[in-house]
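Visitor: Fold the following and give me the result.
(one chain, ligands or ions: 1)
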Amino acid sequence: MTAADSKIWRIIDLIKWGEDYFKSHNIPNARRELEWFLGNILDLKRIDLYLQFEQPLSQAELDTFRSFVLRRIKGEPFQHIIGIAPFYGRDFKVTESVLVPRPETELIIEILKKNGRVGSVLEIGTGSGCIAVTVLLENLADRVIATDVSKSALAIARENAERHKVSQISFRHHDFLQDDISSTFDAVLSNPPYIGVSELSGLQPEVRDHDPRQALTDGADGLTFYRQFARRRALLNEGGCMLLEIGGEHQVPALEKIFQTAGLNLTIHNDLQGIPRVAEIR
Ligand SMILES: C[S@@+](CC[C@H](N)C(=O)[O-])C[C@H]1O[C@@H](n2cnc3c(N)ncnc32)[C@H](O)[C@@H]1O
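Guide: Okay, here's the model as predicted:
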């Protein structure tokens, strides 16, 4: 597909061409990502792309498609290119200020659902707001306080709450490692920055170069936030729990030590890949 190419490109041609091209650049989920690109450019739902698969693209649409493809093969995540990421079946706005929501984080929502509806939730490090907004849209709590140390992340989270017409969230600018919180909650949720600073260089460039560093690492051994959660047990109402995303098997022994030393019970939940992903603390 070159600039000089005068061929008419239909939706189906671009999906077929792009799938081979992305695969040759080792991009997984090639077809799905192309569907996101074309859906975004043409403002069509996935199903409509196939119902209208013979529709040709205009020159302007082709130029946008070409620029998306070039950015993608240079390593930019597709969610940043289209400015949208899916979470629990809904679309959330994302920018370079927030972590791209990950499917494994949905486990926090699943556990909360299984445990039953609660009154109050505190979310630490809300980023795009995907967890806080989903908690309310799934009717899992009456009200949520969602915090972040990043003001630009909070601005995106507020936009996502508006986008999904959710009004029972109070967003607060707050540093969990420095500032106190005086209220108590039925559930405390967090996907904290848990990557050790020494592990950063081993991350895929897509993650390391595009997600905010403050969202990825605590700048230390990856356990700083868990130590702080263990010290903040008084945040929980009687019978309440913390649901904290974790980095995997390698963190489990250290987490057992941190929470058991603090006299708390720890249950580890695995994600769909069988990887330890959420610590439930009581
Ligand atoms: C891994 S991201 C999680 C974002 C979102 N909750 C999600 O699951 O997609 C961690 C978030 O914690 C925030 N954060 C980092 N340090 C913090 C601190 N000291 N206090 C509060 N939030 C912090 C980051 O800005 C980032 O938005």
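
Visitor: Provide the count of other residues in contact range of D43.
Guide: 7 (other CB atoms under 10 Å). Any C-beta I mention is one placed from the backbone N, CA and C, and that applies to glycine too.

Visitor: Just the local confidence number for it, please.
Guide: You'll see D43 listed with a pLDDT of 95.

Visitor: Over to it: give its phi and psi.
Guide: Note on D43: backbone dihedrals following degrees, to the nearest 10 are phi 60, psi 50.

Visitor: what do you get for P56?
Guide: Dihedral angles (degrees, to the nearest 10) for P56: phi -80, psi 150.

Visitor: and if you look at Y194?
Guide: phi -120, psi 10.

Visitor: I'd assumed F229 was in contact with it.
Guide: No - the pair Y194 and F229 does not pass the contact test of CB atoms under 8 Å, sitting 11.3 Å apart.

Visitor: Residues contacting the host helix or strand of F37, please?
Guide: According to DSSP states H and E, F37 maps onto helix 30-42. The contact list for helix 30-42 (CB atoms under 8 Å, 6 or more residues apart in numbering) reads 11, 14-15, 18-19, 22-23, 27, 44-46, 48-49, 55, 57, 61, 64-65, 68-69, 72, 78, 81-82, 84.

Visitor: Return the residues of this protein in contact with the ligand.
Guide: By the rule CB under 6 Å from any ligand atom, the part of the chain lying against the ligand is 99, 101, 105, 124-128, 130-131, 147-150, 153, 174-177, 191-193, 214-215.

Visitor: list the contacts for L70?
Guide: L70 neighbours (CB under 8 Å, 6+ apart): none.

Visitor: And it, its phi and psi?
Guide: phi -60, psi -40.

Visitor: ok, now I124?
Guide: According to degrees, to the nearest 10, I124 has phi -100, psi 130.

Visitor: Could you give the number of residues near it?
Guide: 26.

Visitor: Bridged to it, which residues?
Guide: In this structure, I124 bridges to T147, S190 when assessed by DSSP bridges.

Visitor: Q52 contacts I11, correct?
Guide: Yes - counting by CB under 8 Å, Q52 does reach I11; the two are 6.5 Å apart.

Visitor: Which one of these two is surrounded by more residues?
Guide: The neighbour count for Q52 versus I11, taken as other CB under 10 Å, is higher for I11 (24 against 13).

Visitor: now that one: how far from the ligand?
Guide: Using CB to the nearest ligand atom, to the nearest Å, we find I11 at a distance of 31 Å from the ligand.

Visitor: now L272
Guide: 16 Å.

Visitor: before we move on, what about E138?
Guide: 15 Å.

Visitor: Please apply the same query to L49.
Guide: Counting by CB to the nearest ligand atom, the gap from L49 to the ligand is 27 Å.

Visitor: Also I8?
Guide: Distance from I8 to the ligand, by CB to the nearest ligand atom: 40 Å.
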